[in-house]
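Enquirer: let's see this in three dimensions:
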Amino acid sequence: MAEISRREFLRMGAVLAAGAGLGPGAAEALAAGLERVFTGQKRVVWLQGMSCTGCSVSLLNSDEPGPVELITQVISVVFHPTLSAAQGHLVTETLDRLAEAGDFFLVLEGAVCPQMPQACMVAGKPLTELLPPLLRRAQFVVTAGSCAAFGGIPGAEGNPTGAMGLKEFMASRGIPVENKLVNCPGCPVHPHTMVTTLAYLAGVGYPAVDPATLTPNMICSSSVHDDCPRFHHWQKQHFAEHFGDEGCLFKLGCLGPLSRSNCSHRQWNGGINWCIRAGAPCIACTSEDFAKRKSFPFYRHGEKYHAVAYGDADRKGTAT
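Expert: Below you'll find the model as predicted:
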């Protein structure tokens, strides 16, 4: 494994801090956290529940640090079902040893399905059996994406598996979530959200979170609506009627007021673009209600075809 200098850790910490809108003091703390993960002081085990693996793919789209640097040098991953070569009994033995030793970070991608355990197996064992001992022994637990955080698409109305988010599953098994579980929603989760959260946990400790959703305030404190580049159109009640039109995308189904994320600041694919800038309405993929109701589509032709399910009082952002 190649060496990374203290200066390089500080540079990466500064990039992460700037992307999360944190002050200069946070850069050094994040750098220290990255260094601890890199040196193996903080081990990470990544498990997958009911998911499309999109959050893992998103993680590999990381830049500053890049994907190769991230998975070979920055994050000390003990096991990842997509990236690791271990299979079968080697996986269960590794997870058992990890549970006995403790002092590790557990990342879960995908929903948990207690009503149909056989729908999600890991190394021949139901995920619902593997998780509890790891959850109890992990120092911190982080969900990667909305499926793991809130149930997401697998937890949509009518799903027979009973798919649910990790907070709900932990509560059902009597496992405390306070000062332990951090939800990083998104479909998929932004790679820098994961790296920033892991670095903060390692360098500082448990972050300030929303008490209801357990999402970190440093990343999910304002709504997409508040920071939308088309906000001035909304103020003037100038709405786009068709895709490609100028104007606020509210009547085309934009759910920006319900989505708390920093997409507008960090953007995607190395800061190249994001949904609103590309002309697509926000579908609130970071919301705890994302994809839950089959009666509510991601896009609408207009308010006359579907009642708007929220009002200005439902906005959770910082604007008044």
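
Enquirer: how near is the closest residue to A138 other than its chain neighbours to S172?
Expert: Sequence neighbours aside, L106 is the residue nearest to A138 in space, at 3.9 Å (criterion: CB to CB, 6 or more residues apart in numbering). No exception for glycine: its C-beta is placed from N, CA and C like everyone else's. Per CB to CB, to the nearest Å, L106 is found 17 Å from S172.

Enquirer: the two: who's more crowded?
Expert: L106 (25 against 12; other CB atoms under 10 Å).

Enquirer: now do the SS call for that one.
Expert: strand (DSSP: H, G, I helix; E, B strand; the rest coil).

Enquirer: where does the stretch 201-320 of the chain dip in pLDDT?
Expert: 300-320 (pLDDT under 70).

Enquirer: can you do 90?
Expert: 201-204, 218-223, 226-227, 237, 241-244, 250-260, 262-267, 269-272, 292-320 (pLDDT under 90).

Enquirer: wait, isn't T92 in contact with P126?
Expert: No - counting by CB atoms under 8 Å, T92 does not reach P126; the two are 11.7 Å apart.

Enquirer: got the contact list for the residue nearest to A138?
Expert: Remark: with contacts taken as CB atoms under 8 Å, 6 or more residues apart in numbering, L106 is in contact with 44-45, 47, 134-135, 138, 140-142.

Enquirer: out of those residues, which is most surrounded?
Expert: Counting neighbours by other CB under 10 Å, V142 comes out on top of these with 27 neighbours.

Enquirer: near L181, how many other residues are there?
Expert: Using other CB under 10 Å: L181 sits among 24 other residues.

Enquirer: same check, this time on Q118
Expert: Residues lying near Q118 (other CB under 10 Å) number 9.

Enquirer: look up how far G205 lies from the closest residue to it other than its chain neighbours.
Expert: Nearest residue to Q118, sequence neighbours excluded (CB to CB, 6+ apart): P126, at 6.5 Å. From P126 across to G205, the span is 32 Å (CB to CB).

Enquirer: more neighbours: the two, which one.
Expert: Set side by side, P126 and G205 show more neighbours around P126, with 17 against 12, by other CB under 10 Å.

Enquirer: isn't that one up against M116?
Expert: No - P126 lies out of contact with M116 (CB under 8 Å); the separation is 9.5 Å.

Enquirer: mind checking how far the spatially most central residue of the chain is from M164?
Expert: Taking CA atoms, centre = their mean, the centroid of the chain lies closest to C184, which sits 2.8 Å from it. According to CB to CB, C184 stands 17 Å off from M164.

Enquirer: now name the helix or strand holding T197.
Expert: Element membership for T197 (DSSP states H and E) is helix 191-203.

Enquirer: and that helix, how far out from the chain's middle?
Expert: Put simply, helix 191-203 sits 11 Å off its chain's centre (CA atoms, centre = their mean, to the nearest Å).

Enquirer: export that helix as PDB, just CAs?
Expert: The C-alpha atoms that make up helix 191-203 are tabulated as PDB, following Å, rounded to 0.1, in the frame of the first residue of the first chain:
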ATOM      1  CA  PRO A 191     -19.700   9.400  -2.800                       C
ATOM      2  CA  HIS A 192     -18.400  12.400  -0.900                       C
ATOM      3  CA  THR A 193     -21.300  12.100   1.600                       C
ATOM      4  CA  MET A 194     -20.000   8.700   2.500                       C
ATOM      5  CA  VAL A 195     -16.300   9.700   2.700                       C
ATOM      6  CA  THR A 196     -17.100  12.800   4.600                       C
ATOM      7  CA  THR A 197     -19.200  11.000   7.100                       C
ATOM      8  CA  LEU A 198     -16.700   8.200   7.700                       C
ATOM      9  CA  ALA A 199     -13.900  10.700   8.000                       C
ATOM     10  CA  TYR A 200     -15.900  12.800  10.500                       C
ATOM     11  CA  LEU A 201     -16.800   9.700  12.600                       C
ATOM     12  CA  ALA A 202     -13.100   8.700  12.700                       C
ATOM     13  CA  GLY A 203     -11.700  12.100  13.300                       C
END
